[in-house]
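Asker: Structure, please.
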Amino acid sequence: MTGQNATSQDTQTQESQAVQSDRPERELYLDAAASDAVPASVIEAMTPFLTEGYGNPSSVHASGKTAARALDAARASFATDLGAHAGDVIFTSGGTEADNLAVKGIALAQIRLEQETRAAAATASTPASASPHSPHSPAHRILISAVEHPAVAQSAQWLHDFFDFEVVRIPVDAQAHIDLDALSREARRGATLACIMMANNEVGTIEPVSRAVRICHDATVPVHVDAVQAAGTIPVDFRGLDADTLAVSGHKFGAPKGLGALLTRSRVVIEPIVSGGGQERGLRSGTPNVAGAIALAVALHEACAGMEERDAHLAASRDALIKAICEAVPGATLTGDPVNRLPGHASFTFPNVNGEALLVDLDARGIEVSSGSACAIGRHEAPGTLLAMGLSETEAKSALRFSFREPLHHTDIRRIAQALRASMTALHAM
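Answerer: Numbers count the residues shown, from 1 in each chain. Model (predicted):
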(Lines give C-alpha, C1' and ligand atoms only; values in the text may rest on other atoms or scores of the structure.)
Protein backbone atom coordinates (compact mmCIF):
# COMPACT_ATOMS: atom_id res chain seq x y z
CA MET A 1 0.00 0.00 0.00
CA THR A 2 1.47 3.32 -0.96
CA GLY A 3 1.78 6.12 1.56
CA GLN A 4 -0.62 8.24 -0.49
CA ASN A 5 -3.28 5.50 -0.46
CA ALA A 6 -2.77 4.91 3.25
CA THR A 7 -3.17 8.61 3.93
CA SER A 8 -6.32 8.72 1.80
CA GLN A 9 -7.83 5.75 3.64
CA ASP A 10 -6.96 7.24 7.02
CA THR A 11 -8.68 10.47 6.01
CA GLN A 12 -11.78 8.60 4.86
CA THR A 13 -11.88 6.63 8.11
CA GLN A 14 -11.61 9.81 10.17
CA GLU A 15 -14.37 11.46 8.12
CA SER A 16 -16.59 8.39 8.53
CA GLN A 17 -16.00 8.37 12.27
CA ALA A 18 -16.79 12.08 12.43
CA VAL A 19 -20.08 11.57 10.58
CA GLN A 20 -20.99 8.65 12.83
CA SER A 21 -20.21 10.69 15.94
CA ASP A 22 -22.62 13.37 14.72
CA ARG A 23 -25.45 10.87 14.40
CA PRO A 24 -27.60 10.38 17.47
CA GLU A 25 -27.56 7.07 19.26
CA ARG A 26 -30.59 4.80 18.91
CA GLU A 27 -33.79 6.72 19.46
CA LEU A 28 -35.27 6.61 22.93
CA TYR A 29 -39.06 6.68 22.65
CA LEU A 30 -40.50 8.36 25.74
CA ASP A 31 -44.01 9.19 24.52
CA ALA A 32 -45.95 6.06 25.45
CA ALA A 33 -48.73 8.22 26.93
CA ALA A 34 -49.47 9.30 23.35
CA SER A 35 -49.21 5.84 21.78
CA ASP A 36 -47.20 2.66 22.00
CA ALA A 37 -46.04 -0.21 19.78
CA VAL A 38 -48.23 -3.21 19.01
CA PRO A 39 -46.61 -6.45 20.25
CA ALA A 40 -46.14 -9.30 17.80
CA SER A 41 -48.42 -11.48 19.93
CA VAL A 42 -51.32 -9.05 19.41
CA ILE A 43 -50.77 -8.91 15.67
CA GLU A 44 -50.57 -12.69 15.54
CA ALA A 45 -53.84 -13.07 17.46
CA MET A 46 -55.82 -10.64 15.28
CA THR A 47 -54.43 -11.60 11.84
CA PRO A 48 -56.53 -14.76 11.28
CA PHE A 49 -59.68 -12.66 11.62
CA LEU A 50 -58.46 -10.41 8.83
CA THR A 51 -57.43 -13.20 6.44
CA GLU A 52 -59.48 -16.31 7.30
CA GLY A 53 -62.23 -15.74 9.87
CA TYR A 54 -63.36 -12.54 8.18
CA GLY A 55 -67.10 -13.21 8.30
CA ASN A 56 -69.56 -10.60 9.52
CA PRO A 57 -70.54 -11.58 13.09
CA SER A 58 -74.12 -10.54 12.35
CA SER A 59 -74.41 -13.11 9.57
CA VAL A 60 -76.12 -16.43 10.32
CA HIS A 61 -73.89 -18.68 8.19
CA ALA A 62 -70.93 -20.66 9.55
CA SER A 63 -68.34 -17.95 8.91
CA GLY A 64 -70.54 -15.38 10.62
CA LYS A 65 -71.05 -17.62 13.63
CA THR A 66 -67.30 -18.20 13.90
CA ALA A 67 -66.72 -14.45 13.93
CA ALA A 68 -69.52 -13.95 16.46
CA ARG A 69 -68.01 -16.52 18.84
CA ALA A 70 -64.62 -14.81 18.57
CA LEU A 71 -66.21 -11.43 19.24
CA ASP A 72 -68.03 -12.78 22.31
CA ALA A 73 -64.82 -14.33 23.65
CA ALA A 74 -62.91 -11.07 23.17
CA ARG A 75 -65.66 -9.11 24.90
CA ALA A 76 -65.68 -11.50 27.87
CA SER A 77 -61.89 -11.42 28.26
CA PHE A 78 -61.73 -7.64 27.93
CA ALA A 79 -64.49 -7.20 30.51
CA THR A 80 -62.84 -9.55 33.01
CA ASP A 81 -59.55 -7.63 32.94
CA LEU A 82 -61.42 -4.40 33.71
CA GLY A 83 -63.63 -5.78 36.49
CA ALA A 84 -66.70 -5.60 34.27
CA HIS A 85 -69.33 -7.93 32.85
CA ALA A 86 -69.30 -8.85 29.17
CA GLY A 87 -72.61 -7.06 28.70
CA ASP A 88 -71.04 -3.82 29.96
CA VAL A 89 -68.68 -3.55 26.98
CA ILE A 90 -69.46 -1.38 23.95
CA PHE A 91 -66.63 -1.49 21.42
CA THR A 92 -65.77 1.89 19.85
CA SER A 93 -63.13 3.44 17.62
CA GLY A 94 -61.17 4.66 20.64
CA GLY A 95 -61.26 6.71 23.80
CA THR A 96 -62.48 9.86 22.07
CA GLU A 97 -65.58 8.17 20.70
CA ALA A 98 -66.19 6.46 24.02
CA ASP A 99 -66.05 9.80 25.86
CA ASN A 100 -68.36 11.40 23.29
CA LEU A 101 -70.86 8.55 23.55
CA ALA A 102 -70.96 8.76 27.33
CA VAL A 103 -71.15 12.54 27.72
CA LYS A 104 -73.43 13.34 24.80
CA GLY A 105 -75.38 10.11 24.99
CA ILE A 106 -76.36 10.46 28.65
CA ALA A 107 -77.34 14.12 28.21
CA LEU A 108 -79.34 13.45 25.03
CA ALA A 109 -81.14 10.58 26.76
CA GLN A 110 -82.17 13.05 29.46
CA ILE A 111 -83.52 15.40 26.82
CA ARG A 112 -85.46 12.59 25.15
CA LEU A 113 -86.95 11.55 28.50
CA GLU A 114 -88.07 15.11 29.16
CA GLN A 115 -89.64 15.36 25.71
CA GLU A 116 -91.54 12.12 26.26
CA THR A 117 -92.68 13.30 29.68
CA ARG A 118 -93.88 16.60 28.26
CA ALA A 119 -95.73 14.79 25.49
CA ALA A 120 -97.41 12.48 28.00
CA ALA A 121 -98.29 15.44 30.21
CA ALA A 122 -99.83 17.30 27.28
CA THR A 123 -101.91 14.28 26.36
CA ALA A 124 -103.12 13.99 29.94
CA SER A 125 -103.71 17.76 30.16
CA THR A 126 -101.19 18.03 32.96
CA PRO A 127 -100.62 21.66 34.08
CA ALA A 128 -97.51 23.27 32.56
CA SER A 129 -96.06 23.79 36.03
CA ALA A 130 -95.61 20.02 36.29
CA SER A 131 -93.40 19.84 33.21
CA PRO A 132 -89.77 18.66 33.52
CA HIS A 133 -86.75 20.85 33.99
CA SER A 134 -85.91 23.62 31.54
CA PRO A 135 -82.35 24.45 30.49
CA HIS A 136 -80.12 25.70 33.33
CA SER A 137 -82.17 23.80 35.91
CA PRO A 138 -80.10 21.40 38.04
CA ALA A 139 -80.74 18.51 35.63
CA HIS A 140 -79.19 20.45 32.75
CA ARG A 141 -75.71 20.75 34.19
CA ILE A 142 -72.53 18.83 33.30
CA LEU A 143 -69.79 18.71 35.94
CA ILE A 144 -66.25 18.16 34.66
CA SER A 145 -62.89 18.46 36.35
CA ALA A 146 -60.80 21.38 35.14
CA VAL A 147 -58.20 18.95 33.76
CA GLU A 148 -60.38 16.68 31.63
CA HIS A 149 -59.21 15.51 28.21
CA PRO A 150 -60.60 17.55 25.26
CA ALA A 151 -62.78 14.58 24.28
CA VAL A 152 -64.75 15.16 27.49
CA ALA A 153 -64.40 18.94 27.78
CA GLN A 154 -65.41 19.62 24.19
CA SER A 155 -68.31 17.17 24.36
CA ALA A 156 -69.59 19.10 27.35
CA GLN A 157 -69.07 22.37 25.48
CA TRP A 158 -71.04 20.92 22.52
CA LEU A 159 -73.96 20.31 24.87
CA HIS A 160 -73.72 23.90 26.01
CA ASP A 161 -73.55 25.26 22.47
CA PHE A 162 -76.44 23.24 21.03
CA PHE A 163 -78.65 22.40 24.02
CA ASP A 164 -77.83 25.20 26.50
CA PHE A 165 -76.41 22.90 29.18
CA GLU A 166 -74.45 24.60 31.91
CA VAL A 167 -70.88 23.30 32.07
CA VAL A 168 -69.38 23.51 35.55
CA ARG A 169 -65.61 23.05 35.79
CA ILE A 170 -64.50 21.71 39.15
CA PRO A 171 -61.12 23.17 40.17
CA VAL A 172 -57.99 21.20 40.97
CA ASP A 173 -55.11 21.81 43.33
CA ALA A 174 -51.45 22.45 42.46
CA GLN A 175 -50.89 18.72 41.86
CA ALA A 176 -54.00 18.36 39.64
CA HIS A 177 -56.19 16.58 42.22
CA ILE A 178 -59.85 17.39 41.82
CA ASP A 179 -61.32 19.50 44.63
CA LEU A 180 -63.71 17.02 46.25
CA ASP A 181 -65.38 19.67 48.42
CA ALA A 182 -66.22 21.74 45.34
CA LEU A 183 -67.44 18.61 43.57
CA SER A 184 -69.70 17.79 46.51
CA ARG A 185 -71.20 21.29 46.55
CA GLU A 186 -71.94 21.24 42.84
CA ALA A 187 -73.25 17.66 42.84
CA ARG A 188 -75.73 18.55 45.60
CA ARG A 189 -77.14 21.23 43.31
CA GLY A 190 -77.96 18.47 40.82
CA ALA A 191 -76.50 17.55 37.46
CA THR A 192 -77.10 15.32 34.47
CA LEU A 193 -73.57 13.89 34.68
CA ALA A 194 -70.20 14.30 36.37
CA CYS A 195 -66.95 13.49 34.50
CA ILE A 196 -63.73 12.63 36.33
CA MET A 197 -60.59 11.20 34.71
CA MET A 198 -58.82 8.36 36.49
CA ALA A 199 -55.27 9.47 35.67
CA ASN A 200 -54.15 12.71 34.06
CA ASN A 201 -52.52 12.39 30.67
CA GLU A 202 -50.33 15.49 30.99
CA VAL A 203 -48.91 15.31 34.53
CA GLY A 204 -49.64 11.70 35.50
CA THR A 205 -51.58 12.41 38.69
CA ILE A 206 -53.93 9.59 39.72
CA GLU A 207 -57.23 11.10 40.77
CA PRO A 208 -59.30 10.11 43.87
CA VAL A 209 -61.95 8.60 41.62
CA SER A 210 -63.52 6.22 44.15
CA ARG A 211 -64.25 9.07 46.55
CA ALA A 212 -65.52 11.26 43.72
CA VAL A 213 -67.93 8.54 42.55
CA ARG A 214 -69.33 8.12 46.07
CA ILE A 215 -69.80 11.88 46.44
CA CYS A 216 -71.69 12.11 43.16
CA HIS A 217 -73.81 9.03 43.77
CA ASP A 218 -74.79 10.34 47.20
CA ALA A 219 -76.25 13.28 45.27
CA THR A 220 -77.82 10.92 42.67
CA VAL A 221 -75.52 12.20 39.92
CA PRO A 222 -74.18 9.55 37.49
CA VAL A 223 -70.43 9.49 36.83
CA HIS A 224 -68.38 8.99 33.67
CA VAL A 225 -64.72 8.04 34.17
CA ASP A 226 -62.10 8.61 31.48
CA ALA A 227 -59.67 5.74 32.14
CA VAL A 228 -57.73 6.11 28.88
CA GLN A 229 -54.37 6.69 30.60
CA ALA A 230 -55.11 4.22 33.39
CA ALA A 231 -56.32 1.03 31.66
CA GLY A 232 -53.47 -1.39 31.09
CA THR A 233 -51.16 0.68 33.29
CA ILE A 234 -52.75 0.57 36.73
CA PRO A 235 -55.58 -1.66 38.01
CA VAL A 236 -59.08 -0.70 36.82
CA ASP A 237 -62.13 -2.28 38.47
CA PHE A 238 -65.23 -0.92 36.78
CA ARG A 239 -67.81 -2.64 38.95
CA GLY A 240 -65.77 -2.15 42.11
CA LEU A 241 -65.42 1.54 41.34
CA ASP A 242 -69.20 1.70 40.79
CA ALA A 243 -68.84 4.16 37.92
CA ASP A 244 -71.73 4.43 35.49
CA THR A 245 -69.59 4.61 32.35
CA LEU A 246 -65.85 4.29 31.70
CA ALA A 247 -63.79 5.00 28.56
CA VAL A 248 -60.77 2.99 27.37
CA SER A 249 -58.38 3.41 24.41
CA GLY A 250 -56.42 0.45 23.08
CA HIS A 251 -53.35 2.13 21.63
CA LYS A 252 -52.27 3.19 25.11
CA PHE A 253 -51.61 -0.44 26.09
CA GLY A 254 -50.48 -2.21 22.92
CA ALA A 255 -53.51 -2.50 20.62
CA PRO A 256 -53.61 -0.79 17.22
CA LYS A 257 -54.88 2.78 16.99
CA GLY A 258 -58.58 3.28 16.33
CA LEU A 259 -59.77 0.75 18.93
CA GLY A 260 -61.42 1.37 22.27
CA ALA A 261 -64.49 0.73 24.38
CA LEU A 262 -67.07 2.29 26.62
CA LEU A 263 -68.10 0.30 29.68
CA THR A 264 -71.67 1.03 30.73
CA ARG A 265 -74.02 -0.01 33.52
CA SER A 266 -77.59 -0.91 32.58
CA ARG A 267 -78.88 1.59 35.15
CA VAL A 268 -77.78 4.52 32.97
CA VAL A 269 -79.72 5.41 29.83
CA ILE A 270 -77.65 6.45 26.80
CA GLU A 271 -78.89 7.86 23.52
CA PRO A 272 -76.82 6.51 20.61
CA ILE A 273 -74.93 9.10 18.59
CA VAL A 274 -74.21 6.75 15.67
CA SER A 275 -77.31 5.43 13.89
CA GLY A 276 -77.52 2.30 11.78
CA GLY A 277 -77.94 -1.42 12.23
CA GLY A 278 -78.17 -1.43 16.01
CA GLN A 279 -74.97 -3.32 16.84
CA GLU A 280 -73.36 -3.08 20.29
CA ARG A 281 -76.68 -3.12 22.15
CA GLY A 282 -77.96 -0.42 19.83
CA LEU A 283 -75.46 2.09 21.22
CA ARG A 284 -72.81 1.93 18.52
CA SER A 285 -74.07 0.86 15.10
CA GLY A 286 -71.67 -0.48 12.50
CA THR A 287 -70.24 -3.88 11.59
CA PRO A 288 -68.08 -4.93 14.57
CA ASN A 289 -64.32 -4.95 14.11
CA VAL A 290 -63.75 -8.56 15.20
CA ALA A 291 -59.99 -8.50 14.65
CA GLY A 292 -59.81 -5.21 16.53
CA ALA A 293 -61.79 -6.57 19.46
CA ILE A 294 -59.43 -9.53 19.68
CA ALA A 295 -56.44 -7.18 19.58
CA LEU A 296 -57.94 -5.13 22.41
CA ALA A 297 -58.58 -8.19 24.54
CA VAL A 298 -55.15 -9.74 23.99
CA ALA A 299 -53.26 -6.47 24.46
CA LEU A 300 -55.13 -5.65 27.67
CA HIS A 301 -54.69 -9.16 29.06
CA GLU A 302 -50.95 -9.03 28.43
CA ALA A 303 -50.75 -5.55 29.96
CA CYS A 304 -52.57 -6.72 33.09
CA ALA A 305 -50.46 -9.87 33.49
CA GLY A 306 -47.73 -9.17 36.04
CA MET A 307 -48.85 -5.54 36.32
CA GLU A 308 -47.94 -5.19 40.01
CA GLU A 309 -44.34 -6.29 39.51
CA ARG A 310 -43.90 -4.33 36.29
CA ASP A 311 -45.35 -1.17 37.85
CA ALA A 312 -42.87 -1.44 40.71
CA HIS A 313 -39.99 -1.50 38.22
CA LEU A 314 -41.54 1.33 36.20
CA ALA A 315 -41.94 3.46 39.32
CA ALA A 316 -38.30 2.84 40.25
CA SER A 317 -37.22 3.96 36.76
CA ARG A 318 -39.52 6.97 36.96
CA ASP A 319 -38.10 8.08 40.30
CA ALA A 320 -34.52 7.58 39.11
CA LEU A 321 -35.29 9.64 36.00
CA ILE A 322 -36.85 12.42 38.07
CA LYS A 323 -33.77 12.54 40.30
CA ALA A 324 -31.37 12.57 37.33
CA ILE A 325 -33.23 15.33 35.49
CA CYS A 326 -33.49 17.55 38.56
CA GLU A 327 -29.76 17.13 39.17
CA ALA A 328 -28.84 17.78 35.53
CA VAL A 329 -31.09 20.82 35.10
CA PRO A 330 -31.26 23.08 38.15
CA GLY A 331 -34.68 24.70 38.21
CA ALA A 332 -36.47 21.78 36.57
CA THR A 333 -39.74 21.30 38.47
CA LEU A 334 -41.73 18.09 38.63
CA THR A 335 -45.43 18.61 37.86
CA GLY A 336 -48.27 16.51 39.28
CA ASP A 337 -48.38 14.35 42.37
CA PRO A 338 -44.81 13.23 43.21
CA VAL A 339 -46.02 9.90 44.64
CA ASN A 340 -49.55 9.05 43.56
CA ARG A 341 -48.85 9.21 39.84
CA LEU A 342 -48.65 6.82 36.88
CA PRO A 343 -45.61 4.55 37.26
CA GLY A 344 -44.05 5.31 33.85
CA HIS A 345 -44.75 9.03 33.75
CA ALA A 346 -42.53 11.99 34.66
CA SER A 347 -43.43 15.56 33.69
CA PHE A 348 -41.57 18.82 34.27
CA THR A 349 -41.42 22.51 33.60
CA PHE A 350 -38.01 23.96 32.73
CA PRO A 351 -36.68 27.47 33.36
CA ASN A 352 -36.02 30.03 30.61
CA VAL A 353 -37.08 27.82 27.70
CA ASN A 354 -40.00 27.00 25.43
CA GLY A 355 -41.08 23.38 25.68
CA GLU A 356 -41.57 22.98 21.92
CA ALA A 357 -38.04 24.24 21.23
CA LEU A 358 -36.64 21.91 23.87
CA LEU A 359 -38.60 18.99 22.39
CA VAL A 360 -37.19 19.65 18.90
CA ASP A 361 -33.62 19.86 20.19
CA LEU A 362 -34.02 16.64 22.17
CA ASP A 363 -35.48 14.93 19.11
CA ALA A 364 -32.34 15.83 17.17
CA ARG A 365 -30.40 14.08 19.93
CA GLY A 366 -32.50 10.92 19.61
CA ILE A 367 -34.76 11.54 22.61
CA GLU A 368 -38.48 11.53 21.73
CA VAL A 369 -40.75 13.16 24.30
CA SER A 370 -43.94 15.25 24.37
CA SER A 371 -44.71 18.83 25.25
CA GLY A 372 -48.26 17.99 26.35
CA SER A 373 -51.29 16.08 25.16
CA ALA A 374 -50.73 14.56 21.71
CA CYS A 375 -54.31 15.56 20.90
CA ALA A 376 -53.33 19.24 21.16
CA ILE A 377 -50.10 19.19 19.18
CA GLY A 378 -49.81 22.01 16.65
CA ARG A 379 -51.98 24.45 18.60
CA HIS A 380 -49.02 26.11 20.37
CA GLU A 381 -51.22 26.70 23.39
CA ALA A 382 -50.21 26.40 27.02
CA PRO A 383 -51.36 23.01 28.40
CA GLY A 384 -54.74 23.55 30.04
CA THR A 385 -53.97 21.12 32.85
CA LEU A 386 -50.97 23.16 33.98
CA LEU A 387 -52.91 26.42 33.82
CA ALA A 388 -55.68 24.84 35.92
CA MET A 389 -52.99 23.84 38.44
CA GLY A 390 -52.06 27.50 38.86
CA LEU A 391 -48.95 27.74 36.66
CA SER A 392 -48.37 30.84 34.57
CA GLU A 393 -48.63 30.62 30.79
CA THR A 394 -44.85 30.94 30.48
CA GLU A 395 -44.29 28.11 32.94
CA ALA A 396 -46.92 25.93 31.28
CA LYS A 397 -45.36 26.42 27.84
CA SER A 398 -42.01 25.13 29.15
CA ALA A 399 -43.45 21.70 30.01
CA LEU A 400 -42.21 18.33 28.80
CA ARG A 401 -43.61 14.83 29.45
CA PHE A 402 -41.54 11.64 29.60
CA SER A 403 -43.66 8.48 29.47
CA PHE A 404 -42.70 4.84 29.01
CA ARG A 405 -44.18 1.35 29.41
CA GLU A 406 -40.94 -0.57 29.95
CA PRO A 407 -38.42 0.15 32.73
CA LEU A 408 -35.48 2.31 31.67
CA HIS A 409 -31.89 1.10 31.90
CA HIS A 410 -29.63 3.26 34.05
CA THR A 411 -27.55 4.13 30.97
CA ASP A 412 -30.69 5.43 29.25
CA ILE A 413 -31.54 7.56 32.27
CA ARG A 414 -28.05 9.03 32.27
CA ARG A 415 -28.28 9.69 28.53
CA ILE A 416 -31.63 11.47 28.90
CA ALA A 417 -30.31 13.71 31.66
CA GLN A 418 -27.15 14.54 29.71
CA ALA A 419 -29.15 15.28 26.55
CA LEU A 420 -31.48 17.57 28.48
CA ARG A 421 -28.56 19.50 29.92
CA ALA A 422 -26.96 19.77 26.47
CA SER A 423 -30.25 20.97 24.93
CA MET A 424 -30.79 23.54 27.65
CA THR A 425 -27.23 24.82 27.08
CA ALA A 426 -27.72 24.92 23.31
CA LEU A 427 -30.91 26.92 23.76
CA HIS A 428 -29.10 29.34 26.14
CA ALA A 429 -31.44 28.37 28.96
CA MET A 430 -28.65 27.52 31.41
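Asker: My understanding was that Glu280 contacts Asp88; is that so?
Answerer: No: between Glu280 and Asp88 there is no contact under C-beta atoms under 8 Å: 11.4 Å. All C-beta spots, glycine's among them, are computed from the backbone N, C-alpha and C.
Asker: State the pLDDT value of Ser371.
Answerer: Confidence at Ser371, expressed as pLDDT, is 87.
Asker: burial count for the residue nearest to it when sequence neighbours are not counted?
Answerer: Closest residue in space to Ser371, ignoring its immediate chain neighbours: Gly355 at 4.1 Å, by C-beta to C-beta, 6 or more residues apart in numbering. Gly355: 23 surrounding residues under other C-beta atoms under 10 Å.
Asker: which stretches of this protein form strands?
Answerer: For the chain, applying DSSP state E gives strands covering 28-29, 89-92, 141-145, 166-170, 193-197, 223-226, 245-249, 260-264, 333-334, 345-349, 367-368, 399-403.
Asker: what would these look like in JSON lines with distance to Glu393, mean neighbour count and mean pLDDT?
Answerer: As requested, the strands of the chain are exported to JSON lines (distance: least, C-beta to C-beta, whole Å; neighbours: other C-beta atoms under 10 Å; pLDDT from 0 to 100):
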{"stretch": "strand 28-29", "distance to Glu393": "29", "mean neighbour count": "20", "mean pLDDT": "97"}
{"stretch": "strand 89-92", "distance to Glu393": "34", "mean neighbour count": "26", "mean pLDDT": "98"}
{"stretch": "strand 141-145", "distance to Glu393": "20", "mean neighbour count": "26", "mean pLDDT": "98"}
{"stretch": "strand 166-170", "distance to Glu393": "18", "mean neighbour count": "19", "mean pLDDT": "98"}
{"stretch": "strand 193-197", "distance to Glu393": "23", "mean neighbour count": "28", "mean pLDDT": "98"}
{"stretch": "strand 223-226", "distance to Glu393": "25", "mean neighbour count": "28", "mean pLDDT": "98"}
{"stretch": "strand 245-249", "distance to Glu393": "29", "mean neighbour count": "30", "mean pLDDT": "98"}
{"stretch": "strand 260-264", "distance to Glu393": "32", "mean neighbour count": "28", "mean pLDDT": "98"}
{"stretch": "strand 333-334", "distance to Glu393": "15", "mean neighbour count": "16", "mean pLDDT": "98"}
{"stretch": "strand 345-349", "distance to Glu393": "11", "mean neighbour count": "26", "mean pLDDT": "98"}
{"stretch": "strand 367-368", "distance to Glu393": "25", "mean neighbour count": "20", "mean pLDDT": "98"}
{"stretch": "strand 399-403", "distance to Glu393": "11", "mean neighbour count": "26", "mean pLDDT": "98"}
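Asker: As a markdown table, the ones you listed with distance to Ala120 would be great.
Answerer: Shown next, in a markdown table, are the strands of the chain (distance: least, C-beta to C-beta, whole Å):
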| stretch | distance to Ala120 |
| --- | --- |
| strand 28-29 | 58 |
| strand 89-92 | 29 |
| strand 141-145 | 24 |
| strand 166-170 | 26 |
| strand 193-197 | 24 |
| strand 223-226 | 28 |
| strand 245-249 | 27 |
| strand 260-264 | 26 |
| strand 333-334 | 57 |
| strand 345-349 | 51 |
| strand 367-368 | 58 |
| strand 399-403 | 52 |
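Asker: Outline the domain layout of this structure.
Answerer: Split into domains by automatic domain parsing, the chain comes to 44-304, 307-426.
Asker: what's the closest of these to Ala33?
Answerer: Smallest distance to Ala33 across the domains of the chain (C-beta to C-beta): 3.7 Å, for domain 307-426.
Asker: ends of that closest one, how far apart?
Answerer: End-to-end distance of domain 307-426 (C-alpha to C-alpha, to the nearest Å): 39 Å.
Asker: Begin at 797, not 1, for the rest of this chat.
Answerer: I'll keep to 797 as the first residue from here, and by that count the last item is domain 1103-1222.
Asker: what residue ranges in this structure score low on pLDDT?
Answerer: For the chain, applying pLDDT under 70 flags the ranges 797-820, 921-934, 1168-1176.
Asker: if we can go back for a sec, quick one: which of the domains of the chain is nearest Arg822?
Answerer: That would be domain 1103-1222 among these, by C-beta to C-beta, at 6.7 Å.
Asker: Can you give the distance of that closest one from its chain's centre?
Answerer: Relative to its chain's centre, domain 1103-1222 lies at 17 Å (C-alpha atoms, centre = their mean, to the nearest Å).
Asker: what residues are up against the residue sitting nearest the centre point of the chain?
Answerer: Centroid check for the chain by C-alpha atoms, centre = their mean gives Val1024 as the closest residue, at 3.3 Å. Val1024 makes contact with 891, 945, 993, 997, 1043-1045, 1048, 1056 under the criterion C-beta atoms under 8 Å, 6 or more residues apart in numbering.
Asker: Report how many residues lie close to the spatially closest residue to Lys1053 that is not a sequence neighbour.
Answerer: Nearest residue to Lys1053 in three dimensions, chain neighbours excluded: His1047, at 4.3 Å (C-beta to C-beta, 6+ apart). For His1047, the neighbour count with other C-beta under 10 Å is 23.
Asker: now Thr1016
Answerer: Thr1016 is flanked by 10 other residues according to other C-beta under 10 Å.
Asker: Not counting stretch 1088-1103 itself, show me its contacts.
Answerer: With C-beta under 8 Å, 6+ apart as the test, stretch 1088-1103 has contacts from 834-835, 837-839, 841-842, 845, 866-867, 869-871, 873-874, 877-878, 887, 1027-1031, 1046, 1049-1052, 1054-1057.
Asker: Return the members of these classed as buried.
Answerer: 834-835, 838, 841-842, 845, 866-867, 870-871, 873-874, 877-878, 887, 1027-1030, 1046, 1049-1052, 1055-1057 (16 or more other C-beta atoms under 10 Å).
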